[in-house]
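K.L.:
okay, predicted coordinates and the sequence, questions at the end:
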Amino acid sequence: MTREEVAARVVGVTAQQFAMKPSDNKESDQFTVDLGADSLKSIELVAAYEEEFGLSVKEEEALKVQNVGGAIDFFFRLLQ
């Protein structure tokens, strides 16, 4: 899977979780600052990414990711 394919899926999941259009999502968007994620929303987001990619990730590692671009890179690395 290419980084672009991973990016499209991460952006889609992120947009769905935050009830926004995928086109309004930027890689620089920080989950807490720009998107307003609290700790519960962050855990829900990780679960949604896991479901999307069919992966199980260590929650502590996933929660270190701070923005959309970081999530793209994180899942791209896992899928390699």
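P.N.:
Perfect, I can see it now. Nothing here was measured: the structure is a model prediction, and the numbers come from that model.

K.L.:
contacts, neighbours, all on C-alpha from now
P.N.:
OK.

K.L.:
tell me the contacts of Ser42?
P.N.:
Counting by Cα atoms under 8 Å, 6 or more residues apart in numbering, Ser42 touches 31, 63.

K.L.:
check which helix or strand it maps to.
P.N.:
In the assignment (DSSP states H and E), Ser42 maps to helix 39-53.

K.L.:
so which bits of that helix are buried?
P.N.:
42, 45-49 (16 or more other Cα atoms under 10 Å).

K.L.:
now swap in stretch 10-28 and tell me
P.N.:
Applying 16+ other Cα under 10 Å to stretch 10-28 flags 10-15, 18, 22, 25 as buried.

K.L.:
send the alpha carbons of the helix or strand bottoming out on mean pLDDT in the chain over as PDB?
P.N.:
Ranked by mean pLDDT, DSSP states H and E, the helix or strand of the chain with the weakest confidence is helix 59-62, at a mean of 86. Provided in PDB are the C-alpha atoms of helix 59-62 (Å, rounded to 0.1, in the frame of the first residue of the first chain):
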ATOM      1  CA  GLU A  59      -2.400   2.200  22.500                       C
ATOM      2  CA  GLU A  60       0.600   3.900  24.200                       C
ATOM      3  CA  GLU A  61       2.400   4.100  20.900                       C
ATOM      4  CA  ALA A  62      -0.600   5.200  18.900                       C
END
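
K.L.:
show me what that helix is packed up against.
P.N.:
Contacts defined by 3 or more Cα pairs under 8 Å, 6 or more residues apart in numbering; DSSP states H and E place helix 59-62 against helix 39-53.

K.L.:
average pLDDT for the helix it packs on?
P.N.:
For helix 39-53, mean pLDDT is 95.

K.L.:
next one: that helix to chain centre, how far?
P.N.:
Centroid displacement of helix 39-53 relative to its chain, using Cα atoms, centre = their mean, to the nearest Å, is 8 Å.

K.L.:
stretch 58-66 too?
P.N.:
10 Å.

K.L.:
what's the answer for stretch 2-10, then?
P.N.:
10 Å.
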